[in-house]
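Enquirer: Sequence and predicted structure below; questions after.
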Amino acid sequence: MAGPGFINLRLADALWHGVVRAILTEGGDYGRSILGAGARVNVEFVSANPTGPMHVGHVRGAVVGDALARLLAYAGWNVTREYYINDGGAQVDVLARSAYERYREAHGLSPEIAEGLYPGDYLVAVGAALKVKYGDELLDKEEKYWLSEVRDFATGMMMEMIREDLAALDVTMDVYSSEKALYGTGKIEAAIQTLRDQGLIYEGTLPPPKGKLSEDWEPREQTLFRSTAFGDDEDRPVQKADGSWTYFAPDIAYHYDKVQRGFDQLIDIFGADHGGYVKRMKATVAALSGGRVPLDIKLIQLVKLWKGGEPFKMSKRAGTFVTLRDVVEQAGADVTRFIMLTRKNDVALDFDFDKVLEQSKDNPVFYVQYANARVNSILRKAREAGLSVSDAELAAADLSILSHEAEIGMARKLAEWPRLVEIAARGNEPHRVAFYLYEVASDFHALWNRGNDDPSLRFLQDDPAVSRAKIALARSVGVVICAGLGILGVTPVEEMR
RNA sequence: GGCCUCGUAGCUCAACGGAUAGAGCGUCCCCCUCCUAAGGGGAAGGUUGCAGGUUCAAGUCCUGCCGGGGUCACCA
């Protein structure tokens, strides 16, 4: 006994040999779980406004959401990745007006980019495309004649661009849901009615904000959702004083839609600046699903960019606005994805353009990739020496040769993989996979170097039977690293060059 | 001011309510006729912001403070 409640046992080495054999036999399926039992989960992420290219702030959410989706799929869930297009609000009208100016510009007129319009030159192409489609038909017309068409056209092009941005990060959505499509179909009314039937909708006036004096605040009677019944701090308006919907109303309808589509579980990935919406969204889903569907909301903290040892300041005006494309072009999708997962989602993350490209142990991406490259190096050398090392042959090797504590320790580490997958999936925490891979790589590098002092620990030996056993261990490290990188959406490299 | 979130080694961060809280960087010492040293070993470094509480057991859960960040009807 080693203290209350603990019994120390030493497990036979054969157990750990069995782990190595299982990895070689199951390959990339080792660690796959049925924890999710096929439950349908919807992961909504990115959902950037369709008014411009994705910027660096969206990258982390995109990576975390996609890696979480991959993780849950690996752990037995039936996953749907979804993007909610905010194409129903005032910001897409602004987009339309901005694009219209570029359309005029395409006709040789000087654009009037008024204060509040989007100045980005990515809209020049939209203007040109509008000219191709409409010729001079829309020129010198009042806004009411073109606003709707230009809006649809421009948001379409923006979404096209966003899809390409996501593709550059190797992120693919299963479903794109449109906010605009909720209007005029009665879906918002139906969702609100469902709440009304439960007595959760009423006409009332909210108390003024406490503490902080706000100049233009005045009491207004609005239609409110009694979200306080589900733990929110205040009831929330769904209709403005003039009777139109607030932004919150389509959000309610959208989540109702997800519930009605039969998902067993919902996950929303928001920027940390949307932390204030967590309680009301949870209240919404609780009310609309009768408590059946859990909603987990992950808040993604800021990414701080660094370059040349100092913070990289972004400014739209100075043209130092960093887009997703900028990041991917400079760092590569694999490096970007890995680094974005080296922190818990709710902690700020530093992204140093110089450091992430460094090929040294200071760079976790490199460190993990290098471990896998070393595994492949061993396999390559073995084949060159005429040793056949297919997984089947390695699995059939006499693994009892692996008896050194360093080798057993390595196998023990690999044995943690299936459990780690389940812990990470249960908590919706894909970052755990990145940390685990780092640990596996660390153990492997250490084992590799033990061969410097103790030649019996090298993977390639004179006796083919001994070699196969040791290579089996190395190969199983490679299998787990590749499986893990697959969950992170990072391509394993065979060689570091 | 309310709410959310974070606070762990000098720095950046891990740790499903379980044992002696772990890595990396930095500092100091050491290891290549050897599968990629692009790596590794060792030393030093802690009252887990503070104070209570729950528990057989708390960095983790609860309450209150302190500090950083975010957010606060009628914009999305």
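Expert: Arrived safely. None of the values given here were measured: they were computed from a predicted structure. Numbers count the residues shown, from 1 in each chain, chains lettered A, B, ... in the order given.

Enquirer: so is A:Trp306 in a helix, a strand, or just coil?
Expert: Assigned with DSSP: H, G, I helix; E, B strand; the rest coil, A:Trp306 falls in the strand class.

Enquirer: What residues does the closest residue to it other than its chain neighbours make contact with?
Expert: Nearest residue to A:Trp306 in three dimensions, chain neighbours excluded: A:Asp352, at 3.9 Å (CB to CB, 6 or more residues apart in numbering). To be clear about C-beta, it is placed using only N, CA and C from the backbone, and glycine gets the same treatment. Neighbour list for A:Asp352: A:Leu305, A:Trp306, A:Lys307 [criterion: CB atoms under 8 Å, 6 or more residues apart in numbering].

Enquirer: What is the neighbour count of the residue in the stretch 301-450 of chain A that RNA strand B sits nearest to?
Expert: Residue nearest to RNA strand B within the stretch 301-450 of chain A (CB to the nearest atom of the strand): A:Lys361, separated by 2.5 Å. Counted with other CB atoms under 10 Å, the neighbours of A:Lys361 add up to 12.

Enquirer: That one sits in which helix or strand?
Expert: Using DSSP states H and E, A:Lys361 is not contained in any helix or strand.

Enquirer: ok, it touching A:Val368?
Expert: No. Applying CB atoms under 8 Å, one finds A:Lys361 not in contact with A:Val368, separated by 10.5 Å.

Enquirer: show me what contacts whichever residue of the stretch 1-150 of chain A sits closest to RNA strand B?
Expert: Nearest to RNA strand B in the stretch 1-150 of chain A, going by CB to the nearest atom of the strand, is A:Gly89, at a distance of 2.5 Å. Residues near A:Gly89 by CB under 8 Å, 6+ apart: A:Glu179, A:Tyr247.

Enquirer: What distance do you get for it to A:Ala14?
Expert: 63 Å (CB to CB, to the nearest Å).

Enquirer: A:Leu200 too?
Expert: 60 Å.

Enquirer: repeat for A:Asp140
Expert: Using CB to CB, A:Asp140 is found at 85 Å from A:Ala14.

Enquirer: now A:Trp217
Expert: From A:Trp217 to A:Ala14 the distance is 72 Å (CB to CB).

Enquirer: what ranges do the strands span in the stretch 201-350 of chain A?
Expert: Assigned by DSSP state E, counting those that start in this stretch, the stretch 201-350 of chain A shows strands spanning A:201-205, A:221-225, A:236-239, A:265-271, A:295-300, A:303-307, A:310-311, A:349-352.

Enquirer: Pull out the buried residues from the last one.
Expert: Judged by neighbour count (16 or more other CB atoms under 10 Å), strand A:349-352 contains these buried residues: A:Leu349, A:Phe351, A:Asp352.

Enquirer: Is there a neighbour count for A:Lys282? I'd like the number.
Expert: 21.

Enquirer: go on, the one 4 residues further on?
Expert: A total of 18 residues lie near A:Ala286 under the criterion other CB under 10 Å.

Enquirer: Cross-check the contact I'm expecting between it and A:Ser227.
Expert: No. Using CB under 8 Å, A:Ala286 is not in contact with A:Ser227; the gap is 9.3 Å.

Enquirer: check whether the worst-scoring helix or strand of chain A on mean pLDDT contacts RNA strand B.
Expert: None of the helices or strands of chain A scores lower by mean pLDDT, DSSP states H and E than strand A:310-311, at a mean of 79. No. Contact of strand A:310-311 with RNA strand B (CB under 7 Å from any atom of the strand) is absent, the minimum separation being 12.8 Å.

Enquirer: can you give me how far that strand is from the chain middle?
Expert: Relative to the centre of its chain, strand A:310-311 is centred 25 Å away, using CA atoms, centre = their mean, to the nearest Å.

Enquirer: Can you list the strands that it pairs with?
Expert: Partners of strand A:310-311 in the sheet, by DSSP bridges, are strand A:303-307 (antiparallel).

Enquirer: Mind telling me which of the strands of the stretch 201-350 of chain A the model trusts least?
Expert: Note on the strands of the stretch 201-350 of chain A: strand A:310-311 shows the lowest mean pLDDT, a mean of 79.

Enquirer: I'd like the distance between the residue lying closest to A:Tyr202 once chain neighbours are set aside and RNA strand B.
Expert: Once flanking residues are discounted, A:Tyr202 sits nearest to A:Leu224: 5.8 Å by CB to CB, 6+ apart. With distances taken as CB to the nearest atom of the strand, to the nearest Å, A:Leu224 is found 8 Å from RNA strand B.

Enquirer: buried residues in stretch A:290-302?
Expert: Neighbour counts using 16+ other CB under 10 Å place A:Val293, A:Leu295, A:Asp296, A:Ile297, A:Lys298, A:Leu299, A:Ile300, A:Gln301 of stretch A:290-302 among the buried residues.

Enquirer: hmm, who's touching that stretch?
Expert: For stretch A:290-302, using CB under 8 Å, 6+ apart, the contacting residues are A:57, A:60-61, A:64, A:68, A:255, A:259, A:263-272, A:274-275, A:278, A:281-282, A:285-286, A:343, A:345-349, A:428.

Enquirer: and it, how far apart are its ends?
Expert: Using CA to CA, to the nearest Å, one end of stretch A:290-302 lies 34 Å from the other.
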